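Q: Could you work out the structure for the sequence below:
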Amino acid sequence: MDMIFLKNDYSLGAHPQVFQALAEQNLTPSDSYSNDTFCTQTTELVRQITGQPGADVHFIAGGTLTNLVCLAAFMRPYEAVIAAESSHIYTHEIGAIEATGHKVLPVPTTDGKVSPEDVDKVVAFHDMEQMVLPRVVYISDTTEMGAVYTLDELKALRACCDRHGLYLYIDGARLAMALGSSYNDVTLKDMASLADAFYFGGTKCGALFGEMVVIINDNLKPHFRAIMRQNGALFAKGMLLGIQFQALLKDDLYTKLGRQADAMGQKLAHGIGAKGYEFAYTPVSNMIFPVMTREKAAELAQNVMFEKWLDNADGTQTIRFVTSWATTEADIDGLLALL
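A: Predicted structure coming up:
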């Protein structure tokens, strides 16, 4: 049988509608560095759908670079960012944030969610002038474990940040899957009203590449493009990013792709659960973490590409399956048959 690909949600090219939009505009001369008509039109569209007419919108090629630029821009040299110890900026970005001179202050979590109590503890501990000053709370939605934040949880974090004078920055690499989850009750307008800044992830949801930063808080807007340029993030062919996000936002394609990925994830989770397997984290989006024997995982690896997540103390293995907008029911049925 053909190898079933469930390792990640970004190893394909672009959704056909995005690719078609790029093909149609391929020979259209455009201004550089996101000053083109496509980026301008997309910016206005983002302002409309988020209900934030004053939002600044910026286009960056990838997720790590987006986090690096945003956090470099949002903090002074002596300030630090609070994040889950499982967060991308703490575990998988090879010290990119620290390389900008900012410390990441990790908090332990079970599902990747940061709580107000976590923030309170970090702020209380850093109460001396000899210590870095917490300034930003970084969260991911979905989290690295596939969890989604509820509206009440985001409101509580917003209130906590306001108490401590902190900014709330949301990594939206899988924002489409967070919005598309049947467990989600947060809208784009909710997110834009609660976050100081967040981004739309395109790389993991139908774009060839690219992320789109939305800055709401006026204090974070000045000289952002200067930080982009200094860090190599001001893309000369910015129109390629504008064209892709314009296509993704047209007719709500972005959230439709997220819902498709989640639907396949939930079908997979239901089928795995029905066969008696347990999960390391409650499956609510497109990332599924079943626990099985190492022998079974090795057997599956002959026909399925997935991520080995964790070797457990009892000799079992937690593995990660990730569905995408392009995952088919045949993919899911094929995997379930192997189980």
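Q: got the residue ranges for the helices in the stretch 1-150 of the chain?
A: 16-24, 37-50, 63-74, 88-91, 96-99, 116-125 (DSSP state H, counting those that start in this stretch).
Q: Rebuild those helices as JSON lines, extending it with mean neighbour count, distance to residue 168 and mean pLDDT.
A: The C-beta positions use only the backbone N, C-alpha and C, and glycine is treated the same way. Compiled in JSON lines, the helices of the stretch 1-150 of the chain are given as follows (neighbours: other C-beta atoms under 10 Å; distance: least, C-beta to C-beta, whole Å; pLDDT from 0 to 100):
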{"stretch": "helix 16-24", "mean neighbour count": "15", "distance to residue 168": "29", "mean pLDDT": "98"}
{"stretch": "helix 37-50", "mean neighbour count": "18", "distance to residue 168": "15", "mean pLDDT": "98"}
{"stretch": "helix 63-74", "mean neighbour count": "24", "distance to residue 168": "10", "mean pLDDT": "97"}
{"stretch": "helix 88-91", "mean neighbour count": "20", "distance to residue 168": "14", "mean pLDDT": "96"}
{"stretch": "helix 96-99", "mean neighbour count": "18", "distance to residue 168": "16", "mean pLDDT": "93"}
{"stretch": "helix 116-125", "mean neighbour count": "16", "distance to residue 168": "10", "mean pLDDT": "98"}
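Q: Adding distance to residue 212, write the ones you listed out as TSV.
A: Output for the helices of the stretch 1-150 of the chain, formatted as TSV (distance: least, C-beta to C-beta, whole Å):
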stretch	distance to residue 212
helix 16-24	13
helix 37-50	7
helix 63-74	9
helix 88-91	17
helix 96-99	19
helix 116-125	26
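Q: how about those helices, which one is nearest residue 190?
A: Each of the helices of the stretch 1-150 of the chain was scored for nearness to residue 190 using C-beta to C-beta, and the closest is helix 37-50 (9.7 Å).
Q: which one's the longest helix in this protein?
A: Longest helix in the chain by number of residues, with DSSP state H as the criterion: helix 253-274.
Q: and that helix, which residues are buried?
A: Of the residues in helix 253-274, those scored as buried under the neighbour-count criterion (16 or more other C-beta atoms under 10 Å) are 253-269, 271-272.
Q: Quote the end-to-end distance of stretch 5-18.
A: Distance across stretch 5-18, first residue to last, is 22 Å (C-alpha to C-alpha, to the nearest Å).
Q: List the residues that contact residue 169.
A: Counting by C-beta atoms under 8 Å, 6 or more residues apart in numbering, residue 169 makes contact with 70, 71, 74, 81, 136, 137, 138, 139, 195, 196, 197, 198.
Q: out of these, which are buried?
A: 70, 71, 74, 81, 136, 137, 138, 139, 195, 196, 197, 198.
Q: Which of these fall within strands?
A: For those, membership in strands holds for 81, 136, 137, 138, 139, 197, 198, with DSSP state E as the criterion.
Q: which strand residues sit across from the second one in the sheet?
A: Beta bridges link residue 136 to residue 81, residue 167 when assigned by DSSP bridges.
Q: That one reaches residue 81, doesn't it?
A: Yes - between residue 136 and residue 81 there is a contact under C-beta atoms under 8 Å: 4.3 Å.
Q: Pull up the overlap in contacts between those two.
A: Where contact means C-beta under 8 Å, 6+ apart, the residues bridging residue 136 and residue 81 through contact with each are 71, 75, 169.
Q: From residue 100, how far out is the first one?
A: Relative to residue 100, residue 71 is positioned 7 Å away (C-beta to C-beta, to the nearest Å).
Q: Likewise for residue 204?
A: With C-beta to C-beta as the criterion, residue 204 and residue 100 are 23 Å apart.
Q: Who has more neighbours out of the two?
A: More neighbours sit around residue 204 than around the other of residue 204 and residue 100, counting by other C-beta atoms under 10 Å; the figures are 26 against 17.
Q: Make sure that one is actually in contact with residue 12.
A: No - counting by C-beta under 8 Å, residue 12 is not a contact partner of residue 204; they are 10.2 Å apart.
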